[in-house]
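[1] Just the structure for this:
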Amino acid sequence: MKRLQDYINSNVLFKVASLNSASMLVKIISGFLTSKAIALFVGAEGMALIGNLRNFLSTVQALSILGLYKGVVKYVAEFKENALELSRTISTVFYFGFLSTVIVSFLCYFNAEALNAYVFSPYNDYAYIFKIIAIALPFYALNMFIFSILNGFSKYRILIVINIIGQIFGLLITLVLIYKERIDGALIAIVVSESLLFLISMISITNRRSLTTLINFENISFEHVKKFSAYSAMAVFSAFLLPLVAITIRNYITETVGLKEAGFWEAMNRISNYYLMFISSLLTLYILPRFAEIDNKKEFRAEVFNFYKSIIPIFAVGLVVIYFSRNIIVLVVLSEEFKPVADLFLWQLLGDFVKVLSIVIAYQFLAKKMFWHYIITEAFSVSILYFTSMYFIDNYGVKGANMAHFVTYVLYYGVILLIFSSSLFGVISEDEIDKSVMDQDSKE
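    Numbers count the residues shown, from 1 in each chain. Next up is the predicted model:
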């Protein structure tokens, strides 16, 4: 408990006054204004189409860079004093990322009609959007490449400033496009806003020309590909599977209940993402690095239950407040048209509560690169989400999708507890206790 409290006192509160917190605040405000503009100028039907495009785009972006950049940060940080290994890392990622991005771009461009039929249904003629995606993808990939290198060199201040500028720039473009072109403008804005960050990122590295000399075709290393493979596979698997299932569920709601109702479900998901952002940042900033350094059951168990005792009660109170304020939230964030969204809050909030309980523990998969555990549990949760969504939507309408969200994370949490039952509830041996005490003494 004390370690987490010390972290919150010395780090999180400090970050509230930092650029990092400013970036998060800008992101929330940007999301709020974008949602408001969509609600006012596009409506619930447009919200559903936008949700499908966002899911599809996240899948395509992950495939285009093969999830490689997840590992770049780690290895750039590790090899930044070793010019040859650094060059091999950067060169390998650059050329493999370039090749995969070009392939995905070509597939999007020349299959635009088929993708339009899948993402938007054949009744909407937005094939041109997928051609824009094909053109924008290389710029997105280059931007992520630059971001990962700067992150590896611990240039956090530059990254946060780029993010803030990019969010403001993207917001302005989005609002103008939505106002001028309504649904078409919203779809175009989603596609180009992240890619335009490349222009800002380029400015940040103009005085770091030495980085370009590290990119050398001759330094491509297949050994480095193996190092990246676990990060890549985990990143691509999640980014590929979950968005496609979300599109399938949204399309099923459209077919069986209606397009407007699919927009209500998307609106609920957007609101959920806003309040989960705070928990996600704490998990990324504290839990993931903390789990990475823990090598015994005693400390792992202590960190999990400390988080449960200190953060979860606050989170639970927050969810209760959100539930009783749901009608006001819908009107403020969205519009009168979205009033039915208030009926979706209960199951979404319950599901999000159990989701946080489970992912706190599941972060151990990432921290310790437990590849197969991660893949199997992700596949299990996505499969359950798909089948329960179909069943509950048939029986309860759009609310069924939120009920499926709750049921999915209850079952997922059960699996996670089963996997880590020994670490969380089993008897800890004397050797592990002694090791934990020695580790604590060495840290002090």
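[2] can you pull out the helices in the stretch 101-250 of the chain?
    112-119, 127-152, 156-181, 183-204, 222-256 (DSSP state H, counting those that start in this stretch).
[3] List just the one of the ones you listed that sits closest to Ser23.
    Closest approach to Ser23 among the helices of the stretch 101-250 of the chain is made by helix 156-181 (4.8 Å; CB to CB). Where C-beta positions appear, they are placed from N, C-alpha and C, glycine not excepted.
[4] related to what we said a few turns ago, quickly compare the helices of the stretch 101-250 of the chain and say which is most buried.
    With neighbours taken as mean count of other CB atoms under 10 Å, the helices of the stretch 101-250 of the chain reach their highest mean count in helix 127-152, at a mean of 21.
[5] helices and strands around that one, which ones?
    Secondary structure elements in contact with helix 127-152, counted by 3 or more CB pairs under 8 Å, 6 or more residues apart in numbering; DSSP states H and E, are helix 43-64, helix 69-79, helix 83-110, helix 112-119, helix 156-181, helix 183-204.
[6] switch the cut-off to 6 Å
    Contact here means 3 or more CB pairs under 6 Å, 6 or more residues apart in numbering; DSSP states H and E; on that basis helix 127-152 packs against helix 43-64, helix 69-79, helix 83-110, helix 112-119, helix 183-204.
[7] What's the mean pLDDT across the first one?
    What that stands for is helix 43-64. When pLDDT is averaged over helix 43-64, the result is 90.
[8] Give me the distance from it to the chain's centre.
    Taking CA atoms, centre = their mean, to the nearest Å, one finds helix 43-64 lying 13 Å from the centre of the chain it belongs to.
[9] Mind giving me the packing neighbours of it?
    Packing partners of helix 43-64 (3+ CB pairs under 6 Å, 6+ apart): helix 83-110, helix 127-152, helix 183-204, helix 222-256, helix 259-282.
[10] Kindly report the same for the longest one.
    Packed against helix 83-110, as judged by 3+ CB pairs under 6 Å, 6+ apart, are the following elements: helix 43-64, helix 69-79, helix 127-152, helix 222-256.
[11] how about a markdown table for the helices and strands packed on helix 127-152, with distance to Val176 added?
    A markdown table is the format used below for the helices and strands packed on helix 127-152 (distance: least, CB to CB, whole Å):
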| stretch | distance to Val176 |
| --- | --- |
| helix 43-64 | 16 |
| helix 69-79 | 30 |
| helix 83-110 | 25 |
| helix 112-119 | 24 |
| helix 183-204 | 8 |
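[12] Turn the helices of the stretch 101-250 of the chain into a markdown table, columns for mean pLDDT.
    Output for the helices of the stretch 101-250 of the chain, formatted as a markdown table (pLDDT from 0 to 100):
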| stretch | mean pLDDT |
| --- | --- |
| helix 112-119 | 90 |
| helix 127-152 | 85 |
| helix 156-181 | 83 |
| helix 183-204 | 82 |
| helix 222-256 | 82 |
